[in-house]
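1. 3D model of this:
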Amino acid sequence: MVVSLIQFIIYLPDATNLKEKRRVVQSLKQRLHSKFKISAAEVDLHESTTFSQIGAGLVSNSKKHGDEVIQKVILFVEQEVPGRVQDIVTHTEFYS
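-> Predicted coordinates:
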């Protein structure tokens, strides 16, 4: 079993309050799940109005497949987020 993980921070300069930020974050999480079948959550920076830290993961039987999905997620997020994506970190864990 292979677990592929990604964590990134999004900067949302146009969000003026938590409600606007959470609307963008919730939409992003739903689209990631719908398009890539990954689990995603806001993992930090909950009270910031302009920053959000998102973590996402995927379980598969192949590192190659996990890496391909994570790369597609990065491209998708960079194109779809109405702000800047920064501090992208990926990680793969292997379990037998």
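
2. got the contact list for N17?
-> Counting by CB atoms under 8 Å, 6 or more residues apart in numbering, N17 touches T49. Where C-beta positions appear, they are placed from N, C-alpha and C, glycine not excepted.

3. quick one: the strands in this structure?
-> Assigned by DSSP state E, the chain shows strands spanning 2-11, 39-44, 51-60, 84-94.

4. Please give the centre-to-centre distance between the shortest one and its chain.
-> Strand 39-44 has its C-alpha centroid displaced from the chain centroid by 7 Å (CA atoms, centre = their mean, to the nearest Å).

5. what's that strand in contact with?
-> 7, 25, 28-29, 32-33, 52-58.

6. Next, format these as JSON lines and append distance to Q71 and pLDDT.
-> What follows is those, written out as JSON lines (distance: CB to CB, whole Å; pLDDT from 0 to 100):
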{"residue": "Q7", "distance to Q71": "15", "pLDDT": "97"}
{"residue": "V25", "distance to Q71": "22", "pLDDT": "93"}
{"residue": "L28", "distance to Q71": "17", "pLDDT": "94"}
{"residue": "K29", "distance to Q71": "19", "pLDDT": "94"}
{"residue": "L32", "distance to Q71": "14", "pLDDT": "95"}
{"residue": "H33", "distance to Q71": "17", "pLDDT": "95"}
{"residue": "S52", "distance to Q71": "21", "pLDDT": "95"}
{"residue": "Q53", "distance to Q71": "20", "pLDDT": "96"}
{"residue": "I54", "distance to Q71": "16", "pLDDT": "95"}
{"residue": "G55", "distance to Q71": "17", "pLDDT": "97"}
{"residue": "A56", "distance to Q71": "13", "pLDDT": "96"}
{"residue": "G57", "distance to Q71": "15", "pLDDT": "96"}
{"residue": "L58", "distance to Q71": "12", "pLDDT": "95"}
